[in-house]
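S.K.: whatever this is, show me its structure:
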Amino acid sequence: MPDPPNQFTPPIPIDDLSPPPIPPNIPPGIISEYSAAVAEAIQVPYELALINVLGTIAAPAQRKVRISPYEGYSEPVNIYALAILPPGERKSAVKDICRRPLIDWEEEQQKIVAKDLALSQAEYQVLEEAQRALVMSSRKCKTAEERREIACKIAELKKETPNFETSPRFLADDTTPEALAALMAENNQRIAMIEAEGGFFDTLAGRYSSGVPNLDVVLKAWNGESVRIDRRHSSPIILNDPALTLILSAQPDVLRGLAQNSSFKGRGLIGRLLFLVPNSMVGSRTFRTNPIPNDLQQTYFKTIRQIIALPWRKDNQDQQLPYELQLGEKALSAWLNFAEKTEQALAEGGSLSSIRDWGGKLPGQALRLAALCHVTLHEEPQNHLLSETTLQAAVQLARLITEHTRVALNLMGTDDAMECAKAILKWITRERVESFTTRACLEKVKGRWPKMALVQPGLQILEERGYIVEPVHAEVKKPRGRPARIYIVNPFSFGVQQ
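M.R.: Prediction:
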């Protein structure tokens, strides 16, 4: 083969797993500053610190606030996210330092409740002994009337049984979906799981339910859909507006587990997750780092405490209601523009058409990110309109997360456009195709992608990565219909290892 023309350069490998890094100056205020400081102090990717900080903010903000761009539509502020990094990336250290304000608050509440708990336990022991004495005395009863009288006394004692108040919580460890629902029922219908392992996905896949996926609670708690769990030996769990924040940092093999479980994709769990695939820092870390400045640490802790202390909005019946954050006029215009472009990208042949389940939720995800930024900027966020600057930051963040998600879905084999691109490239390299029409390409892959609209995203990926190029005015007229386009194959493609 002759030397490649000058206009050709080696293409970007199709399995290149390097999404663009998220710059540390996108989220406003304390979110960006603290995430960057954590990343520097622990020597981890910024994205890992960022998603743990966002999860920590979401834990006390969920259910207290929602974000409403216009009347009749609102989004909660809880998020589901999965950061993928290999072993040895200090994921646990990041998780611990980011969620520390929530742990400290829970420990304080445990001390407060402990005083009342000791008295309640003593009262319970006294009542239990009194009931036991009455039961013993029933042995001497000679008539049904005497036994009924003792039964009535025992029933009255049971009414006096003290309620064992549990300390309020924001966090749950790796547990079962039913236990999560129970925790939400005890904690204003909300809970957060911020963990450095992906074992929870094994639980959802059926680890404790004979291999039967148990997804209902997690799926419904993402958007506040009511949950009803009937239990054989105890009272049912009823949640009318549940909220769960799920932040997991896990190893790459977790993605393979997600891909192998058809229920995760078929029922929409994957479509709810924000994926981050940061570049590893192992091998380039330094051991003389800058610690997190004390004043920045205090500001972060104070910000989380402010969100915790934000009083609930309540109706006339003293029922908790969320504050609805409103967008300023320019912010609304910016979000509508983003939502419209996202919708266009979902159309057949569009850049999001192969991941519609995920992409269809992207405008709402951007609103959630914007709301989490907003609540850190004001002591009373409900009294301030969300600014255009904050909204644009959230949109930029959402776009970058989209690129990370493409990589994650590619690893899972669930990005249909990437799978199509691989199939086309396999045909090109196997048959050493130097040029081809879109019609010829469709004929080769139509078994799985029967329409040109389904093939076009794959061609777009190959063109963006430099495997193929479309010459100017390169069209072949057909007897009927639109002309077929011609692509020239980059000669370097035949030497790229796939």
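
S.K.: for the helix ranked longest in the chain, packing partners?
M.R.: Criterion DSSP state H: the longest helix present in the chain is helix 100-137. Secondary-structure packing of helix 100-137 (3 or more CB pairs under 8 Å, 6 or more residues apart in numbering; DSSP states H and E): helix 46-61, helix 144-159, helix 294-309. Quick note: C-beta positions are derived from backbone N, CA and C, even for glycine.

S.K.: hey, least reliable of those helices by pLDDT?
M.R.: Lowest mean pLDDT within the helices and strands packed on helix 100-137: helix 144-159, at a mean of 86.

S.K.: just checking, what packs against the longest strand that the chain contains?
M.R.: Determined from DSSP state E, the single longest strand within the chain is strand 243-250. Where contact means 3+ CB pairs under 8 Å, 6+ apart, strand 243-250 is packed against helix 46-61, strand 80-84, helix 91-98, helix 177-186, strand 190-195, helix 199-205, helix 216-221.

S.K.: out of those, deepest packed?
M.R.: Most buried of these, by mean neighbour count (mean count of other CB atoms under 10 Å): helix 46-61, with a mean of 27.

S.K.: so how far is stretch 269-282 off the chain centroid?
M.R.: 9 Å (CA atoms, centre = their mean, to the nearest Å).

S.K.: just for the stretch 351-498 of the chain, where's the confidence low?
M.R.: The stretch 351-498 of the chain contains residues with pLDDT under 70 at 414, 472-483, 496-498.

S.K.: out of the helices and strands packed on helix 100-137, nearest to Arg368?
M.R.: helix 46-61 (8.1 Å; CB to CB).

S.K.: show the subsequent helix or strand relative to that closest one.
M.R.: strand 65-70 (DSSP states H and E).

S.K.: neighbours of the closest residue in space to Cys141 that isn't next to it in sequence, just the number please.
M.R.: Nearest residue to Cys141, sequence neighbours excluded (CB to CB, 6 or more residues apart in numbering): Arg147, at 4.6 Å. Using other CB atoms under 10 Å, Arg147 has 13 other residues around it.

S.K.: cool, Glu71 as well?
M.R.: Neighbour tally, Glu71, other CB under 10 Å: 8.

S.K.: now render the helices and strands packed on strand 243-250 as JSON lines, adding distance to Arg356.
M.R.: Listed next are those as JSON lines, based on distance: least, CB to CB, whole Å:
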{"stretch": "helix 46-61", "distance to Arg356": "24"}
{"stretch": "strand 80-84", "distance to Arg356": "18"}
{"stretch": "helix 91-98", "distance to Arg356": "31"}
{"stretch": "helix 177-186", "distance to Arg356": "26"}
{"stretch": "strand 190-195", "distance to Arg356": "27"}
{"stretch": "helix 199-205", "distance to Arg356": "22"}
{"stretch": "helix 216-221", "distance to Arg356": "17"}
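
S.K.: any idea which of the ones you listed scores lowest on pLDDT?
M.R.: Looking at the helices and strands packed on strand 243-250, the bottom one is helix 199-205 with a mean of 84.

S.K.: quick one: list the elements packing against that one.
M.R.: Under the contact definition 3+ CB pairs under 8 Å, 6+ apart, helix 199-205 sits against strand 243-250, helix 253-260, helix 262-266.

S.K.: and with 7 Å instead?
M.R.: Counting contacts by 3 or more CB pairs under 7 Å, 6 or more residues apart in numbering; DSSP states H and E, helix 199-205 packs against helix 253-260.

S.K.: what helices and strands are in contact with the helix it packs on?
M.R.: helix 199-205, helix 388-412.

S.K.: other residues contacting stretch 183-202?
M.R.: With CB atoms under 7 Å, 6 or more residues apart in numbering as the test, stretch 183-202 has contacts from 52, 55-56, 58-59, 62-63, 91-92, 95, 99, 166, 168-172, 174, 180, 237, 239, 241-251, 254, 257-258, 320.

S.K.: now the residue nearest to Cys141: how far from Trp358?
M.R.: 65 Å (CB to CB, to the nearest Å).

S.K.: and Ser387, what are its phi and psi?
M.R.: phi -80, psi 160 (degrees, to the nearest 10).

S.K.: which ones are touching Gln320?
M.R.: Gln320 neighbours (CB under 7 Å, 6+ apart): Asn188, Trp312, Lys314.

S.K.: Leu459 now?
M.R.: Ile424, Cys441.

S.K.: host element of it?
M.R.: Here Leu459 is assigned to helix 452-464, by DSSP H and E.

S.K.: quick one: buried residues of that helix?
M.R.: Met452, Leu454, Val455, Gln456, Pro457, Gly458, Leu459, Gln460, Ile461, Leu462, Glu463 (16 or more other CB atoms under 10 Å).

S.K.: what two of those residues have the greatest distance between them?
M.R.: Leu454 and Glu463 (16.1 Å).

S.K.: any low-confidence regions in the stretch 201-350 of the chain?
M.R.: Under the criterion pLDDT under 70, the flagged ranges of the stretch 201-350 of the chain are 208-211, 232-233.

S.K.: follow-up on the earlier one: let me have the buried residues of helix 452-464 in JSON lines, extended by distance to Tyr34.
M.R.: Below are these laid out as JSON lines (distance: CB to CB, whole Å):
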{"residue": "Met452", "distance to Tyr34": "48"}
{"residue": "Leu454", "distance to Tyr34": "44"}
{"residue": "Val455", "distance to Tyr34": "45"}
{"residue": "Gln456", "distance to Tyr34": "43"}
{"residue": "Pro457", "distance to Tyr34": "38"}
{"residue": "Gly458", "distance to Tyr34": "41"}
{"residue": "Leu459", "distance to Tyr34": "43"}
{"residue": "Gln460", "distance to Tyr34": "38"}
{"residue": "Ile461", "distance to Tyr34": "36"}
{"residue": "Leu462", "distance to Tyr34": "41"}
{"residue": "Glu463", "distance to Tyr34": "40"}
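
S.K.: ok, and the closest non-adjacent residue to Leu296?
M.R.: In space, Leu296 is closest to Ala37, 5.6 Å off (CB to CB, 6+ apart).

S.K.: so that neighbour, which of the three states?
M.R.: With DSSP: H, G, I helix; E, B strand; the rest coil as the basis, Ala37 sits in helix.

S.K.: correct me if wrong: it contacts Asp295.
M.R.: No. Between Ala37 and Asp295 there is no contact, the gap being 10.7 Å when judged by CB atoms under 7 Å.

S.K.: who has more neighbours, those two?
M.R.: Ala37 (21 against 8).

S.K.: need the contact list for the more buried one.
M.R.: Ala37 touches Ile292, Pro293, Leu296, counting by CB under 7 Å, 6+ apart.

S.K.: run through the bridge partners of the most centrally placed residue in the chain.
M.R.: Nearest to the mean C-alpha position of the chain, counting by CA atoms, centre = their mean, stands Tyr80 at 1.6 Å. Going by DSSP bridges, Tyr80 is paired in beta bridges with Leu246, Leu273.
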